[in-house]
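> just coords:
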């Protein structure tokens, strides 16, 4: 694709001039909506999320420009031609703008129209990493300030453009978006922890339609009542795949259809819970950041349907999600919302209770987190583990009567200080024990057990070569015989 040069791109800089402002509340919320998309751009294209967010805010007047509000174009991207919007945009729209070479003259240009804000961010990442105009900037992709200085040489004619973007990154501490966030794909491994505490050892999982090891961006596993296990992953292509593990074989991954379509669902995060009746419930954070849910019956899938947000009938938007099966046939869902708050709700066969925020550690203010996991217990309780916004690992119990014990930090391996983590998972057993897996701050995989009145200490889990395993994602689910199924994304 040929991308416009310096003259053509000045229309991007003044995209806000095309606008009629929407309410100021939309601008105030812009960082909350831009952050997950900027992080996704970093994960997919390995360019700074801080730069993506700042440029989007600058070009779209924090989402209030007409180009952004009506056409989901947050970077002022122009069409290749009047009828060629490129591979991601869905159309072109002729709008008034200015071209400056260097004096500015009024003109019209065809701008890209996107189905979603997410698509606009994806196209931005694609253009910056595939256009020869920005090849000179890519060696600086891990230095946000230098990266935008290099990009600005071809992105805009304003000599102060890079300084404006850097000032915005500094003022809003957008560099925090470059840490953590969406996960690049990594190889998948599976193993079983036996009831006697021994481990079978990690074995790679084959990818879709191949015997070669597969890669994933997120993984989830559910131990089923019949002794099988079901695995759901977000593949390297962002497609949601599912397969079943029998004691003697794997069925092989198959893609799941998206909401209202036969095309494969695409997602960022996944979770699965095995119900006592043999069904399984799957929740995802879709590529559009919405939360979707569906049920797998032995002979069919119900199809993904959006889950409503807190206090509204509009779809919930999330950053992470986890689901747990309960003994009464209900399911409990925990999500990290678009505002980073940790929310909880219950799904009964005939209704959802609605999301409610969980209180933080030692406060009545809502907990904020990055990763969440929930597991149901045979006595009607549930246990929740999160990676908080401070990167610490917290745990709490929800009693069968609906009361909460409150989040408490878990200590790290060999220390009384709180553990720091990047991902968490929890699985429970009928005897009341729970097993917790985390990805530590050193990318190591750590495991510990919670009994009715005590915790064991975190211990490393061995990798394929016998040394401590490292990874980027973990999942665990407990069987009734006290064994556990473990799936990870390795390093």
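The structure has been received and is ready for your questions. Since this is a predicted model, take the numbers as computed values, not measurements.
> Tell me where the longest helix sits in the protein.
Of all the segments of type helix in the chain, defined by DSSP state H, the longest one is helix 30-45.
> can you list contacts of it?
Contact partners of helix 30-45, identified using C-beta atoms under 8 Å, 6 or more residues apart in numbering, comprise 47-50, 52-53, 56-57, 60, 62-63, 74, 117-118, 121-122, 124-126, 128-129, 172, 174, 177-178, 180-184, 217, 268, 289, 319, 338-340. C-beta here means a position set from N, CA and C on the backbone, and glycine is covered the same way.
> Now, the residues you listed that are in strands?
With DSSP state E as the criterion, strands contain 217, 268, 319 from among these.
> what's the neighbour count on the last one?
Spelled out, it's residue 319. Counted with other C-beta atoms under 10 Å, the neighbours of residue 319 add up to 24.
> from memory it sits against residue 286, does it?
No: in this structure, residue 319 is not within contact of residue 286 by C-beta atoms under 8 Å, at 11.9 Å.
> residues shared between the contacts of these two?
In terms of C-beta under 8 Å, 6+ apart, residue 319 and residue 286 are both contacted by the residues residue 268.
> ok, now which ones touch residue 368?
Contact analysis of residue 368 by C-beta under 8 Å, 6+ apart lists 339-342, 360, 388-389.
> can you pick the most crowded of those?
The residue in the contacts of residue 368 with the most neighbours, by other C-beta under 10 Å, is residue 342 (27 neighbours).
> how about that residue, what does it touch?
Contacts here follow C-beta under 8 Å, 6+ apart; on that basis residue 342 touches 334-336, 357-358, 366-369, 372, 384, 386.
> separation between residue 171 and residue 57?
Residue 171 sits 11 Å away from residue 57 when distances are taken as C-beta to C-beta, to the nearest Å.
> ok, for residue 187, nearest residue in space, not its chain neighbours?
Here the nearest residue to residue 187 in space, its sequence neighbours aside, is residue 490; by C-beta to C-beta, 6 or more residues apart in numbering that works out to 4.9 Å.
> Which parts of this structure belong to which domain?
The record, using automatic domain parsing to delimit domains, assigns the chain the ranges 6-178, 186-490.
> With mean pLDDT as extra columns, can I get those in JSON lines?
Rendered in JSON lines, the data for these read as follows (pLDDT from 0 to 100):
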{"stretch": "domain 6-178", "mean pLDDT": "83"}
{"stretch": "domain 186-490", "mean pLDDT": "96"}
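> my guess is residue 344 meets residue 356, correct?
Yes: contact between residue 344 and residue 356 holds when scored by C-beta under 8 Å: they sit 6.0 Å apart.
> Looking at the two now, which is surrounded by more residues?
Here residue 344 and residue 356 are set side by side on neighbour count (other C-beta under 10 Å), and the busier one is residue 344, at 21 against 12.
> can you pull up the bridge partners for that one?
Following DSSP bridges, residue 344 is listed with bridge partners residue 334, residue 356.
> which ones are touching it?
Residue 344 sits next to 332-334, 355-358, 374, 384, 398 when contact means C-beta under 8 Å, 6+ apart.
> which one among those gets closest to residue 446?
Closest approach to residue 446 among those (C-beta to C-beta): residue 384, at 18.1 Å.
> which residues touch the residue nearest to that closest one when sequence neighbours are not counted?
Nearest in space to residue 384, with sequence neighbours left out and distances taken as C-beta to C-beta, 6+ apart, is residue 374 at 4.9 Å. Residues in contact with residue 374, defined by C-beta under 8 Å, 6+ apart, are 322-324, 332-334, 344, 382-385, 426.
> Equivalent analysis for residue 89, please.
The neighbourhood of residue 89, defined by C-beta under 8 Å, 6+ apart, consists of 73, 77, 79, 112-114, 119, 123.
> now residue 264
With contact set as C-beta under 8 Å, 6+ apart, residue 264 has these partners: 239-240, 255-258.
> of all those residues, which two lie farthest apart?
Based on C-beta to C-beta, the longest span within the contacts of residue 264 runs between 239 and 257 and measures 10.3 Å.
> In terms of neighbours, single out the busier of those two.
The residue with the greater number of neighbours, taking residue 239 and residue 257 and applying other C-beta under 10 Å, is residue 239; the counts read 20 against 15.
> Against residue 253, how distant is residue 460?
In this structure, residue 460 and residue 253 are separated by 29 Å, where distance is defined by C-beta to C-beta.
> Residue 73 too?
To residue 253, residue 73 is 35 Å away according to C-beta to C-beta.
> same question, residue 229
Counting by C-beta to C-beta, the gap between residue 229 and residue 253 amounts to 13 Å.
> Off-centre distance for the one helix or strand residue 284 maps to?
For residue 284, the enclosing helix or strand under DSSP states H and E is strand 280-286. Distance, stretch centre to chain centre, for strand 280-286: 12 Å (C-alpha atoms, centre = their mean, to the nearest Å).
> Assess the claim that residue 57 and residue 167 are in contact.
No: under the contact definition of C-beta under 8 Å, residue 57 does not touch residue 167, with a separation of 11.6 Å.
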